[in-house]
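Novice: Sequence first, then the predicted structure:
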Amino acid sequence: MRHRRLGRTELQVSELGFGAWEIGWTPVDEGDEVGRLLNHALDQGINFVDSSAAYRWSEELIAKYIGHRRQEFVFATKCGSGRVQQPDGEWVQTLDYSAAAIAPQIDRSLQRMKTDYIDIMQLHSPTYDDLVHGDGIEELKRAQEQGKIRFVSLSADDDAAVRAVEMGEFDTLQISYNVLQQEPTQIIAAARAIDMGIIIKEPLAQVAFEKPRPEGEAQRWELAQKRLAPGVIGDLTRVEASLRWLLGDTDVHTAIVGTTNIQHLQDNIDSVGRGPLPNDTTQAIAAAS
């Protein structure tokens, strides 16, 4: 598995990262298959694991099954958006990007992970106003000074991502970007101009693989039929073509893909191992708009 330096950080991260959203819906006491999945990811060279306080049992599962291999992976998680389990078992989502709310979330993630530090702590989908008027970044910096986190970051799109780049205070940016959603290229370029690391979420444009056409996503679905048609990508699967297209972009450091299926994980690892798409395939995708 190839690795790339994550922008201004000294972290070397695998091109393919593991997104821990999907595993989070597996209760910890039922997670043996998740354990096999996570260990397989590390065994195959994936060293970037991305989670969140909002992903139910995700952090606990990571701690339980690969916590003993903590030195083998870069751990990124998120705060601001969370989920809290009530006494009746119901999960309630919380949204609060204030320093007062984020401080205990950071401590809770440290406790769940049974670790002394988190490599990357990200504000989880803050709005433009949260960044302009909020004090969340101040708490991230305070936690950084205390040694609880190594690098400050956020996961954001659109105007919030633009604002984050303008602020110049975040080490990395997690942003949605894929073969069907190429509009963020300018934001990514601006982030790279100040040496921010780039983490890609939604790298597979999930809607592209749904049939029949999903409601509310007609435009992207139709675009997928053009850019990912057999006449364009040949005998490649849409997943492989999408991953290899994305990782041909040298501004991208890692793309996080989530799954609970170990065969799907291995297929993705194999796809990434074959390197970027040939130039003629990339050009054919660009022409199929």
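Specialist: Cool, got the structure. A quick note: this is a predicted structure, and the numbers were derived from the prediction, not measured.

Novice: Only C-alpha atoms from now on, for both contacts and neighbour counts.
Specialist: Will do.

Novice: measure residue 107 to residue 244 for me?
Specialist: 37 Å (CA to CA, to the nearest Å).

Novice: okay, the two: which has more neighbours?
Specialist: Each of residue 107 and residue 244 has its neighbours counted (other CA atoms under 10 Å); residue 244 has more, 22 against 15.

Novice: Skip the chain neighbours and tell me the closest residue to the more buried one.
Specialist: residue 276 (4.7 Å; CA to CA, 6 or more residues apart in numbering).

Novice: give the contact list for the nearest residue to residue 205 once chain neighbours are set aside.
Specialist: Using CA to CA, 6+ apart and skipping residues adjacent in sequence, the residue nearest residue 205 is residue 178, 6.1 Å away. Contact analysis of residue 178 by CA atoms under 8 Å, 6 or more residues apart in numbering lists 202-205, 242, 246.

Novice: is it possible to export those to TSV including secondary structure?
Specialist: Shown next, in TSV, are those (DSSP: H, G, I helix; E, B strand; the rest coil):
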residue	secondary structure
202	coil
203	coil
204	coil
205	coil
242	helix
246	helix
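
Novice: Now, of those, which are buried?
Specialist: Among those, those that count as buried by neighbour count (16 or more other CA atoms under 10 Å) are 202-205, 242, 246.

Novice: So among the residues you listed, where is pLDDT lowest?
Specialist: In terms of pLDDT, residue 205 ranks lowest among these, with 84.

Novice: contacting residues around that residue?
Specialist: Counting by CA under 8 Å, 6+ apart, residue 205 has contacts 178-181.

Novice: okay, those in a markdown table with pLDDT, secondary structure and distance to residue 171 next?
Specialist: Formatted as a markdown table, these follow (pLDDT from 0 to 100; DSSP: H, G, I helix; E, B strand; the rest coil; distance: CA to CA, whole Å):
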| residue | pLDDT | secondary structure | distance to residue 171 |
| --- | --- | --- | --- |
| 178 | 97 | strand | 22 |
| 179 | 97 | coil | 25 |
| 180 | 95 | coil | 26 |
| 181 | 95 | strand | 23 |
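
Novice: List just the nearest of those residues to residue 131.
Specialist: Checking those against residue 131 by CA to CA gives residue 181 as the nearest, at 23.9 Å.

Novice: Disregarding residues adjacent in the polypeptide, which is nearest to that closest one?
Specialist: In space, residue 181 is closest to residue 205, 7.6 Å off (CA to CA, 6+ apart).

Novice: what does residue 156 give?
Specialist: In space, not counting the residues next to it along the chain, residue 156 is nearest to residue 125; the distance is 4.8 Å by CA to CA, 6+ apart.
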